[in-house]
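Asker: got a sequence here, can you model it:
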Amino acid sequence: MDKEKDDFNKSSKEVDGFEEVNSSKDTENKFNNKDESYNEISENQVKENDINNELEIDMNREMIDFYKDKNKDEDIKKIENNEKEEVEEQEQEEGNNKRKTSKIIIGILALIFIVSAIIINSTVSKYNNVVYPGAYIYGEDVSKLNKDELNLKIINIKEEINKRKIKISAKENMYEMNMKDVTENYNENKLYDEILYQYKDKNILEKFITIVSKKRVDYVFDIEVNKKLLEQKLEDISKDTNKKCEEVKVIINGEDIQIKEGQKGLKLDNKNTISDIEKNIKEKSVYSSDVNISCKYVDDNPKIDMKELSKVNHKISTYTTTYSPGGGRGSNVEIAAKKIDDMLLMPGDEFSYQESVGPVTQSNGYTYAPVISNGELVQGIGGGVCQVSSTLYNTQLKAGILPTERRNHSKAVNYVPRGLDATLATGSIDYKFKNTHEYPIVINTNTGGGRLTIEFWSNEDALKGIEYKPVGYASGKTANTYLYGYDKEGKQVYEKHIDTSIYR
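Answerer: Prediction:
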């Protein structure tokens, strides 16, 4: 813009010079000869002056606008700087206020912490040697008790529980047991430590929360029961209340064979009943009332398959002895024979004479009769029972089966050859054998007219065509027993020395 002003001024001077030169040298000629040129110059000069004036005005306007804008920007900057300074001052003031507030809050919190720590420590220290709040034994509040008081309380509660009874309901019968007889150990020390030292390993804050919350905790003894005693009791209850299943049965009348279907029974579930007793003994209600248990029973299902028994179709052996009917001895023979009549032995089953006919007591139907004791005949209960076992022994041997346990009498008997008798002494001497055939065996007995006959029935292929014969070779007071086997042609195909019997 300054340059344009200079150019404008310079142009003005040039015009003035031109005027001055023309005036001094040629003014007169020009005005005289060239009026038109002069007039044109004057007009051009005016125009140029107008243009320069307008240009100068525009330049001035632009300069004014420029300075206006510049001043405006400076004012804005000043305003912005002022605002920034105000914001910074405000922020600084707020920061100072926050720091002051924080210091106050920290101070208050520190005070609260100190006071809280004092309260917590004071509260917890009160329970260093006493029971925490909320502790109950069988509903008895033991909070704040010291060691001695807690120990005495536990003893008293134990004595109270010992007064209770265990009442067992089985079918329509009721049985009772004393709690003190059934319990072996109350584990009192374990309960004592659990109550008094339960929070020993907790931090002080956890202990404080436990104390102020007073949350209820119920404790009971960890009672151990005498399972052997319980099992014996339940065994006695079982004998009274069990309904034994009826196995499938083969009934033989003469040569007629019938199969009777088995019947389901019920037996005491000893395991679950004992579990119920143990569970109820550990319940807190045992402190205030007796333990009442209802026995659990399970089905006792027949184990024998009717299809297996349908294979019984043939008498494989028989043996007969004679006895004097009537009197004590005859009665004992008939009772013992009846107890093993229609008895079934599946393959692999072992027969025990003592279990089958015993106990040999008056309560089981037996009576007094002559018995052999230490080689002498004396009166005793069950005289004649050994004739049944000896008759059975011969029937067993003729079926090709060896004994698993057998003893001869101390004195030879007159109803079987020496070496072929089998005695019984309840509790010390038994007579046993096992069914070693592939088919079931049914024992059939008949008594009457002074004759005892015992038969083994099984399948026609059980002996595989072999006929067995037992023989006792007696020599003095000794007899050696052998078992022989013969095929259909009478040829011996089997020989076995069974044992040696010695008599007095």
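Asker: what about the strands in the stretch 101-250 of the chain?
Answerer: Along the stretch 101-250 of the chain, the segments classed as strands by DSSP state E, counting those that start in this stretch run 135-137, 140-141, 165-170, 173-178, 183-185, 217-219, 224-225, 249-253.
Asker: would you mind naming the residues that bridge with E246?
Answerer: Q263 (DSSP bridges).
Asker: pretty sure it sits against D300.
Answerer: No. The pair E246 and D300 does not pass the contact test of C-beta atoms under 8 Å, sitting 9.7 Å apart. Heads up, the C-betas are built off the backbone N, CA and C, glycines and all.
Asker: re earlier: let me know which of the strands of the stretch 101-250 of the chain is tucked in deepest.
Answerer: Highest mean neighbour count of these: strand 135-137, a mean of 21 (counted as mean count of other C-beta atoms under 10 Å).
Asker: so I304 sits in a helix?
Answerer: No. Applying DSSP: H, G, I helix; E, B strand; the rest coil, one finds I304 to be coil, outside a helix.
Asker: count the residues that sit near it.
Answerer: Neighbourhood size, I304 [other C-beta atoms under 10 Å]: 16.
Asker: enumerate every residue touching it.
Answerer: Counting by C-beta atoms under 8 Å, 6 or more residues apart in numbering, I304 makes contact with E247, V248, G262, L344, M346, P440.
Asker: one more: M174?
Answerer: Residues near M174 by C-beta under 8 Å, 6+ apart: K167, I168.
Asker: write down the beta-bridge partners of it, one by one.
Answerer: Going by DSSP bridges, M174 forms beta bridges with S169.
Asker: what ranges do the helices span in the chain?
Answerer: With DSSP state H, the ranges of helices along the chain come out as 2-21, 27-33, 35-125, 147-162, 179-182, 188-196, 204-213, 227-241, 270-281, 306-309, 327-339, 353-357, 385-398.
Asker: tally of neighbours for I79?
Answerer: There are 10 residues near I79, going by other C-beta under 10 Å.
Asker: list the contacts for N121?
Answerer: Here N121 is in contact with I204 (C-beta under 8 Å, 6+ apart).
Asker: check it and give its pLDDT.
Answerer: pLDDT recorded at N121 is 83.
Asker: in CSV, list the contacts of I304 along with pLDDT, neighbour count and distance to G382.
Answerer: What follows is those, written out as CSV (pLDDT from 0 to 100; neighbours: other C-beta atoms under 10 Å; distance: C-beta to C-beta, whole Å):
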residue, pLDDT, neighbour count, distance to G382
E247, 84, 17, 27
V248, 86, 20, 31
G262, 86, 18, 31
L344, 93, 19, 25
M346, 94, 15, 28
P440, 95, 24, 29
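Asker: any stretches of the chain with poor pLDDT?
Answerer: 1-75, 80, 83 (pLDDT under 70).
Asker: let me see the domain layout of it.
Answerer: The domain map for the chain lists 2-101, 313-502, with the assignment taken from automatic domain parsing.
Asker: most tightly packed of those domains?
Answerer: With neighbours defined as mean count of other C-beta under 10 Å, those peak in mean count at domain 313-502, which reaches a mean of 18.
Asker: now do the same end-to-end measure for that domain.
Answerer: With C-alpha to C-alpha, to the nearest Å applied, domain 313-502 spans 39 Å between its terminal residues.
Asker: go on, stretch 427-444?
Answerer: Terminal-residue distance, stretch 427-444 (C-alpha to C-alpha): 26 Å.
Asker: tell me which of E246 and D300 has more neighbours.
Answerer: Per other C-beta under 10 Å, whichever of E246 and D300 has more neighbours is D300, with 17 against 14.
Asker: give me every residue that touches the closest residue to that one other than its chain neighbours.
Answerer: Using C-beta to C-beta, 6 or more residues apart in numbering and skipping the chain neighbours, the partner closest in space to D300 is G265 (3.8 Å). By C-beta under 8 Å, 6+ apart, the contact set of G265 is N242, K243, K244, C245, E246, D299, D300, N301.
Asker: before we move on, what about Y431?
Answerer: Residues in contact with Y431, defined by C-beta under 8 Å, 6+ apart, are 352-354, 389, 392-393, 403, 405-407, 422-424.
Asker: cool, and I316?
Answerer: Going by C-beta under 8 Å, 6+ apart, I316 touches A399, I441, F456, W457, S458, A462, L463.
Asker: what distance do you get for the third one to I251?
Answerer: To I251, F456 is 15 Å away according to C-beta to C-beta, to the nearest Å.
Asker: please apply the same query to the last one.
Answerer: As for L463, its distance to I251 is 23 Å (criterion: C-beta to C-beta).
Asker: centroid-nearest residue for this structure?
Answerer: With distances taken as C-alpha atoms, centre = their mean, the residue of the chain nearest its centroid is S275 (13.5 Å).
Asker: now flag whichever of the contacts of I316 is closest to K282.
Answerer: K282 lies nearest to I441 out of the contacts of I316, by C-beta to C-beta, at 50.2 Å.
Asker: on that earlier part again, and the strands of the stretch 101-250 of the chain as CSV, adding distance to K282?
Answerer: Listed next are those as CSV, based on distance: least, C-beta to C-beta, whole Å:
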stretch, distance to K282
strand 135-137, 13
strand 140-141, 16
strand 165-170, 13
strand 173-178, 16
strand 183-185, 11
strand 217-219, 11
strand 224-225, 9
strand 249-253, 45
